[in-house]
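Novice: I would like to see how this sequence folds:
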Amino acid sequence: MKGRVQVQNVTPTVDCGRYAAKAIVGDDVIVGADVFREGHDKVAAAVRYRGPGDDGWSETPLRLDSNDRYYGSFPVDCLGPWRFQVVGWTDHYASWLDGLVKKHAAGQTDLDVEFEEGARLLERRKAPKAVKELIRETTEVLRSDAPQERKVAAAADGDLQLVLERHPERLDATTTKPDLAVWVDREIAQFGAWYELFPRSEGAYVDSETGKVHSGTFSEAAKRLPAVADMGFDIVYLPPIHPIGRTFRKGPNNTLSPGPDDPGVPWAIGSEQGGHKDIHPDLGTIDDFDDFVSEANRHGLEIALDFAIQCSPDHPWVAEHPEWFKHRSDGTIAYAENPPKKYQDIYPIDFDTDDQDGLWNELKSVVEHWIGHGVKIFRVDNPHTKALPFWEWLIAEIRTDHPDVVFLAEAFTKPKMMQTLGKLGFSQSYTYFAWRNTKHELTEYLTELAHTDMANYYRPNFWPNTPDILTEYLQHGGPPAFKIRLVLAALMAPSYGIYSGYELYENVPVREGSEEYLNSEKYQYRPRNWDDPASLAPFIARINEIRRNHAGFKYLRNIWFHGVDNDQLIAFSKVSPGRTDAVLTVVNLDPYNAQAGTTWLDLWQLGLEHAGPFEAHDLITNTTYIWHGPSNYVRLDPHDEPAHVLRLRAL
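Specialist: Predicted structure coming up:
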């Protein structure tokens with residue numbers, strides 16, 4: 001039977017508990033609920049929780065905030081699925097005590113019946129022997145001839161209240177069912193800096209005698225790892241490293257007439273040399289890959305691999321499992337299209353195949369194969385074009401044995417589809433950040449991501465560029481644009497990434513109006529001069545160092561926007577838990593011109609509501625300012641430094 005106490009609007013929940021909310025190890029999961037009942041009786045509430053392998057429930061109280069809304073938290077200290085419930089009940093003793101105190105305060109003196117009712121409420125309380133002794137002492141006072149003031153004080157004694165809270169009486173409890181879920185990841189699922197590189201371009205060269213172009217190798221690419229680590233990145237993401245098909249191979253700039261040395265598109269996976277579990281022989285062997293992973297780990301880096309569920313016409317699956325592909329009316333296999341674009345070198349998988357079990361289990365075995373070679377992070381290519389039930393099944397299956405595996409959804413599509421991918425289990429998701437440039441766009445988008453229910457399940461990963469995305473802002477804004485977008489990506493979102501070449505300000509499109517790079521690395525080798533003295537690498541390293549040194553940047557929900565009276569200036573803060581370390585970032589969004597304005601800071605959000613003058617130390621330039629109150633003048637020249645990143649501290 002449903003209890004008299006109403007428990008409603010429990011958070012965090014995703015689609016009424018259909019999916020798990022997200023947390024990371026070490027978090028305190030904040031639980032909220034509306035708890036109330038008819039009449040004037042007091043209610044109490046608690047959250048019950050248990051982690052993987054726990055035999056029973058642990059419990060912690062929820063506290064009244066306002067308007068019948070209760071909040072509390074529970075700690076999560078290991079990976080995997082956690083469960084929680086909210087239980088609410090009538091607190092009969094608190095209800096009685098509230099009435100007693102009010103009557104006493106009003107000067108009523110005939111309260112013998114009330115004192116006896118309180119004594120009986122205490123006597124029926126089930127509690128350990130030591131607690132019973134304190135309860136017995138209180139009941140004796142309530143039934144004694146002591147002055148009324150003493151009886152009221154004994155009934156309201158703080159130690160007694162703590163004891164009663166630890167041993168609640170739940171005669172009419174309402175418990176939320178079914179159990180609500182939280183999936184707990186390791187920290188890198190929420191906080192990390194990604195760097196994308198094509199290993200085939202590292203060390204690639206043209207033979208001066210034969211003119212033949214030679215691919216880079218894992219061995220050569222490993223030489224790039226120390227520099228990536230020095231820039232402060234956590235994850236090196238590799239596009240597909242598998243054999244590439246020859247049928248309809250693409251040439252430079254997506255042409256259909258490749259030369260004999262053109263390497264093809266890495267996403268056209270599969271040839272006579274193997275498929276998704278194999279290494280392109282130009283890159284080396286599986287042992288070379290294992291050495292590359294070990295070298296990355298030695299520098300504090302993890303390797304992320306691309307998981308692209310598609311094949312070239314030459315993939316072994318095409319011959320071995322033709323039923324996994326969609327056939328046209330003329331009997332040919334349908335290649336990938338996004339009209340008017342055609343991808344003749346790629347066959348998509350048909351998830352309506354009659355051999356669903358065979359297909360799903362083979363794809364699972366691909367992920368397990370690379371986990372066996374030290375890969376625990378997968379960037380999933382275009383997951384929105386594959387069956388959603390498959391992803392929910394696959395992620396749950398992999399997590400059963402490998403709860404530390406992280407999946408990033410690369411989906412730039414309809415908002416509800418992107419959100420659903422986050423709900424059903426993807427650890428992180430690409431976003432629309434690359435195309436959000438104005439103050440209004442950024443504020444609105446970050447508010448949606450951080451301050452709505454999306455924050456319970458959708459972890460954004462901000463990328464200012466990818467091999468497919470070279471925005472107009474970067475094409476025309478020069479080096480200041482690259483700095484601006486880096487600061488915004490790295491300091492707004494806990495997870496962000498850049499595609500290699502960003503530090504060299506690569507900005508030339510294949511043609512005006514396109515977001516494709518000229519001489520795109522997708523179609524050809526692209527060795528670079530990493531020793532260019534104009535490189536943005538030192539600036540990137542400083543921004544990543546700031547992220548690591550200030551705990552507020554590990555979180556999303558703590559972003560707060562502050563007023564600036566110039567639409568070309570945006571100001572936002574990240575403050576560590578406990579409001580002990582506040583960092584304010586002010587960015588000039590105009591890559592061409594200096595902009596100035598006056599801030600209007602929310603000092604409470606910054607932990608400075610009681611401060612007089614305070615120090616604003618710029619973590620980029622190592623310059624210190626003394627600011628006074630919420631209003632302060634700022635001027636930023638994008639050709640000098642387009643941003644202030646200010647550590648704020650009371651003097």
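Novice: From the chain's centroid, how far away is stretch 363-379?
Specialist: How far stretch 363-379 lies from its chain's middle: 21 Å, per CA atoms, centre = their mean, to the nearest Å.
Novice: Name the surrounding residues that touch that stretch.
Specialist: 188, 235, 237, 276-277, 286, 289-290, 293-294, 297, 302-307, 309, 390, 394, 397-398, 402, 404-408, 410 (CB atoms under 8 Å, 6 or more residues apart in numbering). C-betas here are computed from N, CA, C, even on glycine.
Novice: His104 - nearest residue in space that isn't next to it in sequence?
Specialist: Take His104 and drop its neighbours on the chain: the residue closest to it by CB to CB, 6 or more residues apart in numbering is Val152, 5.0 Å away.
Novice: buried sites along the stretch of helix or strand that neighbour belongs to?
Specialist: Take DSSP states H and E as the rule and Val152 turns out to sit in helix 148-155. By neighbour count with 16 or more other CB atoms under 10 Å, helix 148-155 contains the buried residues Gln148, Lys151, Val152, Ala154, Ala155.
Novice: Ok, stretch 624-644 next?
Specialist: Counting neighbours by 16+ other CB under 10 Å, stretch 624-644 gives Trp627, Asn632, Val634, Leu636, Pro638, Glu641, Pro642, Ala643, His644 as buried.
Novice: Give me the pLDDT for Pro275.
Specialist: Quick fix: residue 275 is Gly, not Pro. Here, the pLDDT recorded for Gly275 equals 98.
Novice: scratch that, Lys2
Specialist: 65.
Novice: Likewise for Asp207?
Specialist: pLDDT, Asp207: 86.
Novice: In contact with it, which residues?
Specialist: Val213, His214.
Novice: now with 10 Å?
Specialist: Val213, His214, Asp261 (CB atoms under 10 Å, 6 or more residues apart in numbering).
Novice: Give the buried subset of those residues as a PyMOL selection command.
Specialist: Buried residues among the contacts of Asp207 (16+ other CB under 10 Å), as a PyMOL selection:
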select buried, resi 213
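Novice: Which of the buried residues of stretch 624-644 fall in helices?
Specialist: Nothing among the buried residues of stretch 624-644 maps onto helices, per DSSP state H.
Novice: Looking at those residues, which is nearest Val182?
Specialist: Ala643 (35.3 Å; CB to CB).
Novice: what's the least confident helix or strand in this structure, going by average pLDDT?
Specialist: Every helix and strand of the chain was ranked by mean pLDDT, DSSP states H and E. The lowest is strand 341-343, at a mean of 84.
Novice: ok, it: who's next to it in the sheet?
Specialist: strand 336-338 (antiparallel) (DSSP bridges).
Novice: which residues are contacting the strand it pairs with?
Specialist: By CB under 10 Å, 6+ apart, strand 336-338 touches 267-268, 310-311, 342-348, 382, 385.
Novice: Columns secondary structure on top of these, output as CSV?
Specialist: As requested, those are exported to CSV (DSSP: H, G, I helix; E, B strand; the rest coil):
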residue, secondary structure
Trp267, coil
Ala268, coil
Gln310, strand
Cys311, strand
Lys342, strand
Tyr343, strand
Gln344, coil
Asp345, coil
Ile346, coil
Tyr347, strand
Pro348, strand
Asn382, coil
Thr385, helix
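Novice: Which one among those sits at the bottom for pLDDT?
Specialist: Comparing the contacts of strand 336-338 by pLDDT, Lys342 comes last, at 84.
Novice: Could you tell me how many residues sit around the nearest residue to it once chain neighbours are set aside?
Specialist: Counting by CB to CB, 6+ apart, Tyr335 is the residue found nearest to Lys342 once chain neighbours are left out, at 7.0 Å. Applying other CB atoms under 10 Å, we find 20 residues neighbouring Tyr335.
Novice: before we move on, what about Asn622?
Specialist: A total of 7 residues lie near Asn622 under the criterion other CB under 10 Å.
Novice: could I have the helix holding Val152 exported to PDB, CA atoms only?
Specialist: The C-alpha trace of helix 148-155 is given here as PDB (Å, rounded to 0.1, in the frame of the first residue of the first chain):
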ATOM      1  CA  GLN A 148       7.800  23.000  32.300                       C
ATOM      2  CA  GLU A 149      10.800  24.800  30.900                       C
ATOM      3  CA  ARG A 150      13.000  21.900  31.800                       C
ATOM      4  CA  LYS A 151      10.600  19.400  30.300                       C
ATOM      5  CA  VAL A 152      10.500  21.300  27.000                       C
ATOM      6  CA  ALA A 153      14.300  21.600  27.000                       C
ATOM      7  CA  ALA A 154      14.700  17.800  27.600                       C
ATOM      8  CA  ALA A 155      12.300  17.000  24.800                       C
END
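Novice: what's it in contact with?
Specialist: 93, 96-97, 100-101, 103-105, 108-112, 114-115, 118-119, 121-122, 137-147, 160-161.
Novice: From the chain's centroid, how far away is that helix?
Specialist: For helix 148-155, the distance to the chain centre is 52 Å (CA atoms, centre = their mean).
Novice: Which ones among the buried residues of stretch 624-644 lie within strands?
Specialist: Among the buried residues of stretch 624-644, DSSP state E puts Trp627, Val634, Leu636, Ala643, His644 in strands.
Novice: Buried ones in stretch 465-479, by neighbour count?
Specialist: By neighbour count on 16+ other CB under 10 Å, the buried set for stretch 465-479 is Asn465, Thr466, Pro467, Ile469, Leu470, Thr471, Tyr473, Leu474, Gln475, Gly477, Pro479.
Novice: ok, back up a step: kindly state the pLDDT recorded for the residue nearest to His104?
Specialist: Among the per-residue scores, Val152 holds a pLDDT of 97.
Novice: wait, which of the buried residues of helix 148-155 is closest to Leu619?
Specialist: Checking the buried residues of helix 148-155 against Leu619 with CB to CB, the nearest one is Ala155 at 54.9 Å.
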